[in-house]
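Undergrad: the sequence and its predicted three-dimensional model are supplied below.
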Amino acid sequence: MPATDIASLPRTIADLPFFAGGRYPRPDLIGRCSANGIAGIAGRDLVDRVRDLGLGLGALGMSRGDRVAIVAESRPEWLLADFAILTAGAVTVPIYPTLAPEQIAFILRDSDVRLAIASNAAQVEKLQAAAALAPCLEAIVAMDAVSATGPVRVVAWAEAVGLGHARMVKEWGVAKAFQDGAKSVAPSDVATIIYTSGTTGEPKGVELTHGNLAANVAGSQERLALEETDVALSILPLCHAFERTAAYLYLSTGVSMIFAESLDTVARDLLTVRPTLMTGAPRVFEKLHARVVERGHAQRGIQRRLFDWAMGLAAEAGRTSAVAASWRWRLADRLVLHRIREGVGGRIKFFVSGSAPLRRDLIEIFAGVGAPILEGYGLTETAPVVSVTPPGAIRAGTVGPPLMNVEVRIADDGELLVRGPSIMHGYHKKPVETAEAMTGGWLHTGDLAFVDEAGYLAITGRKKELLVTSGGKKIAPAPIEARFKEHPLVCEVALVGDGRNFISAMIVPDRGAVARIAGVQAGSTAALAPLLDRADVRQAVQAIVDAVNAPLAQFERIKKFALVPDEWTIASGVLTPTLKVRRRVVEAKYRDVIDRMYAG
């Protein structure tokens, strides 16, 4: 089946359900995995499902221009809710389900949310708690059956759908009015307000229009050429702009989008769905690679040697096309590599990685295995894709050329500037910040970058995240941290040393790797702590520090490091919902440890 012509794609996301439902009647256009298989929503049923819910939300008070929050894990209902909001001309405000009530309350209050849609009892409870600080919230629709009580009215999903269906049956012209209302939504209308997680400061609400999102879908399809025969497994949060735009792209091109039941079931769901496409954050691919290596190293004798040889050859093949076409690779594929592809379903055409830099060695190994990862770059403010690697033309260390409808320019200070139809409408209620971010139509990304001789974009660091030593030397920590994470022993790392006389590293080592060095079973965080003072563990980390330091200028080199046993998580506040490290939180959390490194 040929790729969808981008000229035929919808001009607004409000038109997308009608477009997809009419053009792609397949029985599994949207689905979700469970232990019993895949429960699907047929394309021919999509409009009816969206209409009934949208009319039900209207009966609960939603009207054109209203902001409606979704606080839920990724699942088909998330998309149905999003489309029900957008076809009514209302505005979707996605909220990470990992946020605390106080953080949720800020978003509700700042965007004047009147109605919220939640996944389960835990999220309803958080919304009820948040309502004390956000009196604008009037009602909550719960996807799952809940018995939570609180100051805000809770309506069951089935009840909301029932209200809408009853309106469609009993009220003359309601169904036509629904469709006419969706068609009246203009590309210039705001579709969503997405709050940046941010590594510092107050969250900002990014306003994206229907036209912004539709333009990004068109540019992404021109680059990736997805086909109606493709099947995608979705594991990332839809509240993040990356996966949400991927969902719009899938449905615009007839790709079957199947949600994993949860992050814990991804290994099972890969074998059930057998996807041809999957998006992921770098940590997803790091864990996938670690699982492959762990299984390979569990073998003994000739099987272990064959595995190591094949993986080494795969890394070579990812760097050199001649190796990928050699008889040696074909032999490695027959003996080992094909089994790795079978472990992810056996049909992967490519993965796409976004939201943070991906280790270069992983790009090479996955390409050499025959399951290539295309790396992309973007921001919430760019709806979000700026660039992505073309299939079959990977250049490790870059994030591909800009999309066909996106312009980039490198400022005199090295900052990446972006212009095009997918650039945000602005920051919600923040005209000063909007003006600071936009100059002459160019968005200042805050990222440092260059464009190579092939026109591929390479990101080198954050302009505002430079560490400045007491001697006035400026160091971009991101590329150095990325080199650390190329080593399986390093799980997380954050460089520190702003205002100090040298740079140090806070390192969270991989629990399993430390246990292997120490010759013990991998245990809990508490069991890990005593191992971090062992000489053999510190020597292994010092070897990594030495390797990372080797190509660096003297002032950039890490002089000391500290190993910490804690797992850095979103819940602990160290990681943002997009899994970026909050450096200021690290510095505050480990202030005593850092001070001891710099003592004397």
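TA: Cool, got the structure. Numbers count the residues shown, from 1 in each chain.
Undergrad: for stretch 304-322, buried residues please.
TA: 306, 307, 310, 311, 313, 314, 315, 316, 317, 318, 319 (16 or more other CB atoms under 10 Å). (C-beta placed from N, C-alpha, C; glycine too.)
Undergrad: just give the closest residue to the second one, not the sequence neighbours.
TA: What it means is residue 307. Once its chain neighbours are removed from consideration, residue 307 has its nearest residue in residue 296; the separation is 3.8 Å (CB to CB, 6 or more residues apart in numbering).
Undergrad: any weak-confidence spans in the stretch 51-200 of the chain?
TA: Within the stretch 51-200 of the chain, the segments meeting pLDDT under 70 span 148, 197-200.
Undergrad: what segments of it are helices?
TA: If DSSP state H, counting those that start in this stretch is used as the criterion, the helices of the stretch 51-200 of the chain fall at 76-87, 101-111, 121-131, 157-170, 174-183.
Undergrad: looking at those, which is nearest to residue 205?
TA: helix 101-111 (5.9 Å; CB to CB).
Undergrad: what's around residue 67, how many residues?
TA: Neighbour count of residue 67, defined by other CB atoms under 10 Å: 25.
Undergrad: does it touch residue 114 like I think?
TA: Yes - under the contact definition of CB atoms under 8 Å, residue 67 touches residue 114, with a separation of 7.1 Å.
Undergrad: pull out the buried positions in stretch 481-491.
TA: Buried residues in stretch 481-491, counted by 16+ other CB under 10 Å: 481, 482, 483, 484, 485, 487, 488, 489, 490, 491.
Undergrad: now stretch 174-189
TA: Going through stretch 174-189 with 16+ other CB under 10 Å, the ones that come out buried are 174, 175, 178, 181, 182, 185, 187, 189.
Undergrad: so, low pLDDT: which residues of the chain?
TA: Screening the chain residue by residue with the criterion pLDDT under 70, one finds the ranges 1-2, 148, 197-201, 522-526, 600.
Undergrad: go again using 50 as the cut-off
TA: Confidence mapping of the chain against pLDDT under 50 gives the ranges 199-200.
Undergrad: quick check: longest strand of it.
TA: Assignment by DSSP state E gives strand 442-451 as the longest strand of the chain.
Undergrad: what are the buried residues along it?
TA: 442, 443, 444, 445, 447, 448, 449, 451.
Undergrad: now render those as JSON lines, adding distance to residue 382.
TA: Compiled in JSON lines, the buried residues of strand 442-451 are given as follows (distance: CB to CB, whole Å):
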{"residue": "442", "distance to residue 382": "12"}
{"residue": "443", "distance to residue 382": "7"}
{"residue": "444", "distance to residue 382": "12"}
{"residue": "445", "distance to residue 382": "8"}
{"residue": "447", "distance to residue 382": "11"}
{"residue": "448", "distance to residue 382": "16"}
{"residue": "449", "distance to residue 382": "13"}
{"residue": "451", "distance to residue 382": "16"}
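Undergrad: from the buried residues of stretch 174-189, which is closest to residue 229?
TA: For those, the closest approach to residue 229 (CB to CB) belongs to residue 182, at 28.2 Å.
Undergrad: how far away is that closest one from residue 314?
TA: 48 Å (CB to CB, to the nearest Å).
Undergrad: domain boundaries for the chain, per the record?
TA: Structural domains assigned to the chain are 6-259, 279-422+435-462, 466-598, following automatic domain parsing.
Undergrad: returning to what we had before: how about a markdown table for the buried residues of stretch 304-322, with distance to residue 226 and secondary structure added?
TA: Listed next are these as a markdown table, based on distance: CB to CB, whole Å; DSSP: H, G, I helix; E, B strand; the rest coil:
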| residue | distance to residue 226 | secondary structure |
| --- | --- | --- |
| 306 | 36 | helix |
| 307 | 33 | helix |
| 310 | 30 | helix |
| 311 | 30 | helix |
| 313 | 30 | helix |
| 314 | 26 | helix |
| 315 | 28 | helix |
| 316 | 30 | helix |
| 317 | 25 | helix |
| 318 | 23 | helix |
| 319 | 27 | helix |
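Undergrad: looking at those residues, which is nearest residue 414?
TA: Using CB to CB, residue 319 comes nearest to residue 414 of the buried residues of stretch 304-322, at 27.3 Å.
Undergrad: for that closest one, what are its contacts?
TA: Shown in contact with residue 319 (CB atoms under 8 Å, 6 or more residues apart in numbering): 364, 368, 396.
Undergrad: so what's the second one up against?
TA: Right, residue 368. Applying CB under 8 Å, 6+ apart, we find residue 368 in contact with 313, 314, 315, 316, 317, 318, 319, 323, 324, 329, 337.
Undergrad: these two touch, right, the fifth one and residue 367?
TA: Looking back up the chat, that one is residue 317. Yes - because the distance of 7.2 Å satisfies CB under 8 Å, residue 317 is recorded as touching residue 367.
Undergrad: who touches both of those two?
TA: Between them, residue 317 and residue 367 share these contacting residues under CB under 8 Å, 6+ apart: residue 324.
Undergrad: gap between residue 479 and residue 8?
TA: Distance check for residue 479 against residue 8: by CB to CB, it reads 41 Å.
Undergrad: what sits against the nearest residue in space to residue 108 that is not next to it in sequence?
TA: Counting by CB to CB, 6+ apart, the nearest residue to residue 108 once its immediate chain neighbours are dropped is residue 134, at 3.7 Å. Contacts of residue 134 were listed using CB under 8 Å, 6+ apart, and they are 104, 105, 108, 109, 113.
Undergrad: let's see it at 10 Å
TA: With contacts defined as CB atoms under 10 Å, 6 or more residues apart in numbering, the neighbours of residue 134 are 69, 101, 104-113, 116, 127, 152.
Undergrad: quick one: which of those is nearest residue 291?
TA: residue 104 (33.7 Å).
Undergrad: residues near that closest one, how many?
TA: Applying other CB under 10 Å, we find 26 residues neighbouring residue 104.
Undergrad: if I look at the nearest residue to it once chain neighbours are set aside, how far off is residue 110?
TA: Closest residue to residue 104 in three dimensions, ignoring its sequence neighbours and counting by CB to CB, 6+ apart: residue 130, at 4.3 Å. The gap separating residue 130 from residue 110 is 12 Å, by CB to CB.
Undergrad: of those two, which one has the most company?
TA: A direct count of neighbours by other CB under 10 Å for residue 130 and residue 110 places residue 130 higher, at 28 against 21.
Undergrad: which ones are touching the more buried one?
TA: Shown here is residue 130, whose contacts under the criterion CB under 10 Å, 6+ apart are 69, 71, 95, 99-109, 113, 116, 137, 150, 152.
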